[in-house]
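Peer 1: Sequence and predicted structure below; questions after.
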Amino acid sequence: MGSKEAPCRAHAIFCLLLLFCAGTKCLASEFEVTQEASLSVDASPNLARKIPDTLFGMFFEEINHAGAGGIWAELVSNRGFEAGGPHTPSNIDPWSIIGDDSSVFVATDRMSCFSRNTVALRMEVLCDNCPDGGVGIYNPGFWGMNIEDGKTYNLVMHVKSPETTELTVSLTSSDGLQILASAAIRVSGTSNWIKLDQSLVAKGTDRTSRLQITANKKGVVWLDQVSLMPSDTYKGHGFRTELISMLMDLKPRFLRFPGGCFVEGSWLRNAFRWRDSIGPWEERPGHYGDVWNYWTDDGLGYYEFLQLSEDLGAAPVWVFNNGISHHDEVDTAAIAPFVKDILDSLEFARGSVESTWGSVRAAMGHPDPFPVKHVAIGNEDCGKKNYLGNYLKFYNAIREAYPDIQMISNCDGSSTPLDHPADLYDFHVYTDSKALFSMRNTFDKTSRSGPKAFVSEYAVTGKDAGRGSLLASLAEAAFLTGLEKNSDIVQMASYAPLFVNDNDQTWNPDAIVFNSWQQYGTPSYWMQKLFRESSGAMIHPITVSSNYSGSLAASAITWHDNDNSFLRVKIVNFGPDAVSLTILTTGIEDSVNTLGSTATVLTSGSVMDENSFINPNKVVPVTFQLRNAAEEMEVTLSPHSFTAFDLALAQSKLVAEM
């Protein structure tokens, strides 16, 4: 099939190029049916309305190994041997033994020097004449470590041995036969733990490598908190550069974190705890995320999420547990310690360096406060027994301490007014493509008084979504045009989930798919790129006239890129027919320049087409110059397509530059 896809796509692009060079007649023979429609845009300044600066952002949840084994660049899985919990023997998976029962014995015990993660690994070498290469343990990371030729990897581990011994640390192929990097480390005999740092420079590339720690002589050594990080993380902050670059390309205006159900837990004992996720990484106990069923060492913690928000230039939206999980709840009469805990979390983010928790943040390397101005009180907890009572306790305490913080209720206020105070309310929607397309007018009749809407989770799911289909992205694009038009009441919106590790497909579809060394965007990711200029733009009234308008969704904005201005008209053709469309624009203060005007089209040969590691660009936007750009123009929309027309306005410097 691969040999046929490239010519088909080239043909489609060629036709689109003809389409915008020659007008609507170029594709007359391409489609059996062509519908007719007109779209009027009134760009008069007095009718324009500013879209909130925060409208489109992103939601990150620790799901699908999005963080551990994902954007967080730590290569060692279960680096502290804590994955079994506080009781020994712990589950050391995925660590494995090199050797056999006659040559090495490995077990966990509570000999760690860290009070919050007491489990360590005891390794006893039993052989006098050990096999070549030694015996010991290895860690394959998260389905294999991506080790690349010439790159430096920083190993940190804590070691104790009663007698002087020598360890070899190596990066090898998955079977241990090829050595990519190796170093000998001498451990002086002592009763105290020592911290060892070692840089390893790879001499070769292997996408499924492992870390080995071996010895050749009899003896006992304890190991704990073994970390391996690439030296080239994003801004040196521990994030995987290529994945963060994909987020940067979306220009998110906010980052909602760390969940989602991850915040709640199936049981409260396994909910995310911000206190346990700050401070030196070696001292973080980690926890089992029992909703998505995997262990996280919480190297990606509360502080790192705040740092990521800053790196992305996105406003942090802190979602915290309100004393409710999927299966147990804290009674409102006993919620005070939870409230105090969240007030402390806000002091950590916003407090001065002289404050108790602000000083902890400063000690971690960030003396300036983080601008947390949005918090969500729980996740999907509306209607649960103690939600309203608990919510009000948090709301009142936070309002008193931080009057400027915007608080988000879990209860949907889009059709019925809330019975409690809130600045915003959560709106979540996961449904099939036809249903979401029909929801493009959902907020048309929502009351304009009261709290604003935060559409913090939306996506097409089900059979017609696949692992990220074109069809899903078209329905989502239509839904977003409705959010733009209703952005006087809709303040923020984000797709979910954001990431999926190809080895842990717990939830599909997702915006970005990755493994240890590759990544690609689904059509839903590329669709979002065509909305990235909408936040803070001016939106204009439009009118669509057609017998086919039930299959169309559109919006029009004016946006600015440095000194250049554009009128962007976005149109979704959700139907199976081509559309001969007349676009008429009035009220523009400056004329349209053909030079600098472009059309960007997201479509494919089948509505169920998806991207993949084999063909990551099967469904991606195609941009080209719009040669017939004018205040009135005729274009043809392909069936099942999403098109953005960017009309360069006269004051733009593009004319001079081109």
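Peer 2: Noted; the coordinates are in hand.
Peer 1: For the residue lying closest to Asp590 once chain neighbours are set aside, list the residues it contacts.
Peer 2: Distances taken as CB to CB, 6 or more residues apart in numbering put Ala650 closest to Asp590, at 3.5 Å, once the chain neighbours are dropped. No exception for glycine: its C-beta is placed from N, CA and C like everyone else's. Residues near Ala650 by CB atoms under 8 Å, 6 or more residues apart in numbering: 590-593.
Peer 1: is it possible to export those to a markdown table including distance to Ser174 and secondary structure?
Peer 2: Output for the contacts of Ala650, formatted as a markdown table (distance: CB to CB, whole Å; DSSP: H, G, I helix; E, B strand; the rest coil):
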| residue | distance to Ser174 | secondary structure |
| --- | --- | --- |
| Asp590 | 61 | coil |
| Ser591 | 62 | coil |
| Val592 | 58 | strand |
| Asn593 | 56 | strand |
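Peer 1: Can I get the buried part of the residues you listed as one PyMOL selection?
Peer 2: Buried members of those, defined by 16 or more other CB atoms under 10 Å, are picked up in PyMOL with:
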select buried, resi 592+593
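Peer 1: of the contacts of Ala650, closest to Tyr430?
Peer 2: Val592 (39.5 Å; CB to CB).
Peer 1: quick one: that closest one from Val41, how far?
Peer 2: Counting by CB to CB, to the nearest Å, the gap from Val592 to Val41 is 11 Å.
Peer 1: for the record, mean pLDDT for stretch 225-233?
Peer 2: The pLDDT scores in stretch 225-233 average 97.
Peer 1: CA atoms of that stretch as CSV?
Peer 2: Provided in CSV are the C-alpha atoms of stretch 225-233 (Å, rounded to 0.1, in the frame of the first residue of the first chain):
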residue,chain,number,x,y,z
GLN,A,225,17.9,6.1,43.2
VAL,A,226,19.6,5.2,39.9
SER,A,227,19.0,7.9,37.3
LEU,A,228,20.1,8.3,33.7
MET,A,229,19.2,11.5,31.9
PRO,A,230,20.2,12.7,28.4
SER,A,231,22.3,15.9,28.7
ASP,A,232,20.2,17.8,26.0
THR,A,233,16.8,18.1,27.7
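Peer 1: in it, what counts as buried?
Peer 2: Under 16+ other CB under 10 Å, the buried positions of stretch 225-233 are 225-230, 233.
Peer 1: just to revisit the earlier point, which of the contacts of Ala650 sits closest to Asp100?
Peer 2: Within the contacts of Ala650, proximity to Asp100 (CB to CB) peaks at Asn593, which comes in at 74.7 Å.
Peer 1: if we can go back for a sec, any idea how far the residue nearest to Asp590 lies from Leu47?
Peer 2: 20 Å.
Peer 1: now Ser102
Peer 2: From Ser102 to Leu47 the distance is 83 Å (CB to CB).
Peer 1: These two - which one has more neighbours?
Peer 2: Leu47 (12 against 9; other CB atoms under 10 Å).
Peer 1: contacting residues for the more buried one?
Peer 2: Contacts of Leu47 (CB under 8 Å, 6+ apart): 540-541, 587.
Peer 1: picking that back up, next step: the buried residues of stretch 225-233 restricted to strands.
Peer 2: Judged by DSSP state E, the buried residues of stretch 225-233 include 225-230 as members of strands.
Peer 1: related to what we said a few turns ago, which of the contacts of Leu47 count as buried?
Peer 2: Buried, going by 16+ other CB under 10 Å: His540, out of these.
Peer 1: The contacts of Leu47 in strands, which ones?
Peer 2: Among the contacts of Leu47, DSSP E puts His540 in strands.
Peer 1: Looking at the contacts of Leu47, which has the smallest pLDDT value?
Peer 2: Out of the contacts of Leu47, that is Gly587, at 92.
Peer 1: Now the phi/psi pair for that one, please.
Peer 2: phi 80, psi 0 (degrees, to the nearest 10).
Peer 1: where's the residue nearest to Asp590 relative to Asn593, distance?
Peer 2: Separation of Ala650 from Asn593 (CB to CB): 6 Å.
Peer 1: In this structure Met608 contacts Ser473, no?
Peer 2: No. Met608 is not in contact with Ser473 according to CB atoms under 8 Å; the separation is 11.5 Å.
Peer 1: These two - which one has more neighbours?
Peer 2: Neighbours per residue (other CB under 10 Å) separate Met608 from Ser473, with Ser473 holding more: 31 against 15.
Peer 1: Can you say which helix or strand has the more buried one in it?
Peer 2: In the assignment (DSSP states H and E), Ser473 maps to helix 470-485.
Peer 1: number of nearby residues for Glu632?
Peer 2: Here the number of neighbours of Glu632 (other CB under 10 Å) works out to 13.
Peer 1: Quick one: residues contacting it.
Peer 2: Glu632 sits next to 582-585 when contact means CB under 8 Å, 6+ apart.
Peer 1: Return the subset of those residues lying in strands.
Peer 2: Among the contacts of Glu632, DSSP E puts 582-585 in strands.
Peer 1: now those residues as CSV including pLDDT, neighbour count and distance to Thr356?
Peer 2: CSV is the format used below for the ones in strands among the contacts of Glu632 (pLDDT from 0 to 100; neighbours: other CB atoms under 10 Å; distance: CB to CB, whole Å):
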residue, pLDDT, neighbour count, distance to Thr356
Thr582, 96, 16, 64
Ile583, 95, 23, 59
Leu584, 95, 14, 62
Thr585, 94, 22, 57
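Peer 1: Spatially, which two of the residues you listed are the most separated?
Peer 2: Going by CB to CB, the pair spanning the ones in strands among the contacts of Glu632 furthest: Thr582 and Thr585, at 10.8 Å.
Peer 1: chain center to the helix or strand in which Phe624 is found: distance?
Peer 2: Taking DSSP H and E as the definition, one finds Phe624 inside strand 622-625. A distance of 27 Å separates the centroid of the chain from that of strand 622-625, by CA atoms, centre = their mean, to the nearest Å.
Peer 1: Identify each buried residue in it, please.
Peer 2: Under 16+ other CB under 10 Å, strand 622-625 has no buried positions.
Peer 1: do stretch 167-177 as well
Peer 2: 167-173.
Peer 1: What is the nearest of these to Ala66?
Peer 2: Leu171 (24.8 Å).
Peer 1: what sits against that closest one?
Peer 2: Contacts of Leu171 by CB under 8 Å, 6+ apart are 145, 147, 153, 179-182, 200, 202, 209-212.
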